[in-house]
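*Asks:* this is a predicted model, with the sequence first.
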Amino acid sequence: MRRAAIVTLALLGASAALGACSSGPRPRVRTVASGSEGLREDQADAETGNMAELVWSSDSEQPSIWSFRGGRDYFVPRVGLRFVTPADYAFDTSLEPSQHALLQGPQVPRAVRGERLYGDRRLQIRGASSTPVVVSLLEIPLDVEPATFCAWASRSAEGEPAVSRDEAERLASSTTRLCELRTPSRTTRVRGFLRAGWLLVFSQQIGEDGATVELDALVGSVRSFDEQR
């Protein structure tokens, strides 16, 4: 993306307004502003609110993992989370995005006007390993809870692999589940973030050394919308 850095900054500024994913974006409140500095802050506040509204509106009809193609920041309003890909990781561009939104009109901040926001339910991201990390946003039955997630994932996977690991953790202010699903030929490590019937899941086949370096790096970058870098 030609203006990836500008876009990323604009979206990061919008993160606080998207923190509560069950409602629309909230305007920022400023307590002190004066002179030219105040005018710049007013403009920044307005652009932040507009960007938050744009991302939220794009997600309201078709919940997705949102990004600007070529950027490293990914935003998942449906579960109130975002994550970042390391600089040397590659997004699999052979997969066509499931939807996109063209940012245009007087309410769109000038910094991103004319850009396209892409939404995907399933991504493949590659690092040095021969196997990619698959990142998916799934709608799941409301009766699936963290304690039953690994069993549900096993039943839903091809071949119904056995659950060889099932651990609960707390990451990015979210309850997560770490699963390992084993078949005779491979073991896949799965990390799930659940919220209100939606699941953000990272999965990668475990290497011969027992590592999932790329999955660990991506999961380690996950944070809530209202958490600053």
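*Replies:* Yep, it's here.

*Asks:* make it CA atoms for all contacts and neighbour counts henceforth
*Replies:* Fine.

*Asks:* which strand or helix spans Phe149?
*Replies:* Phe149 is part of helix 146-156, with elements assigned from DSSP states H and E.

*Asks:* what packs against that helix?
*Replies:* When contacts are defined as 3 or more C-alpha pairs under 8 Å, 6 or more residues apart in numbering; DSSP states H and E, helix 146-156 packs onto strand 162-171, strand 174-182.

*Asks:* check these for me and report the most buried one.
*Replies:* The highest average neighbour count among the helices and strands packed on helix 146-156, using mean count of other C-alpha atoms under 10 Å, belongs to strand 174-182 at a mean of 21.

*Asks:* report the angle between that one and strand 162-171.
*Replies:* Put simply, strand 174-182 runs at 160 degrees to strand 162-171, going by axes from the mean of the first three to the mean of the last three C-alpha atoms, to 10 degrees.

*Asks:* check contacts around Thr175.
*Replies:* Listed by C-alpha atoms under 8 Å, 6 or more residues apart in numbering, the contact partners of Thr175 are Pro146, Ala168, Glu169, Phe193, Leu194.

*Asks:* and those, which is closest to Val84?
*Replies:* Phe193 (15.5 Å; C-alpha to C-alpha).

*Asks:* wait, that closest one sits on Val201?
*Replies:* Yes: counting by C-alpha atoms under 8 Å, Phe193 does reach Val201; the two are 6.2 Å apart.

*Asks:* the two - which one has more neighbours?
*Replies:* Using other C-alpha atoms under 10 Å as the criterion, Phe193 and Val201 rank with Phe193 on top: 25 against 21.

*Asks:* for the more buried one, give me its contacts.
*Replies:* Contacts for Phe193 (C-alpha under 8 Å, 6+ apart) come out as Val79, Ser174, Thr175, Thr176, Arg177, Leu199, Leu200, Val201.

*Asks:* just list whatever residues bridge to the fourth one.
*Replies:* Note on Thr176: beta-bridge partners by DSSP bridges are Glu169, Phe193.

*Asks:* surely it meets Gly192?
*Replies:* Yes: if you go by C-alpha under 8 Å, Thr176 and Gly192 touch, sitting 5.5 Å apart.

*Asks:* contacting residues around the nearest residue to Val201 once chain neighbours are set aside?
*Replies:* Nearest non-adjacent residue to Val201, counting by C-alpha to C-alpha, 6 or more residues apart in numbering: Gly192, 4.4 Å away. Residues near Gly192 by C-alpha under 8 Å, 6+ apart: Phe149, Thr176, Arg177, Leu178, Leu199, Leu200, Val201, Phe202.

*Asks:* go again with 10 Å.
*Replies:* Contacts for Gly192 (C-alpha atoms under 10 Å, 6 or more residues apart in numbering) come out as 135-137, 146, 149-150, 153, 168, 174-179, 198-203, 219.

*Asks:* before we move on, what about Ala153?
*Replies:* Contacts of Ala153 (C-alpha under 10 Å, 6+ apart): Val144, Glu160, Pro161, Ala162, Val163, Cys179, Glu180, Leu181, Val190, Gly192.

*Asks:* just give the nearest non-adjacent residue to the second one, would you?
*Replies:* Computed as C-alpha to C-alpha, 6+ apart, the closest residue to Glu160 that is not its neighbour in sequence is Ser154, at 5.1 Å.
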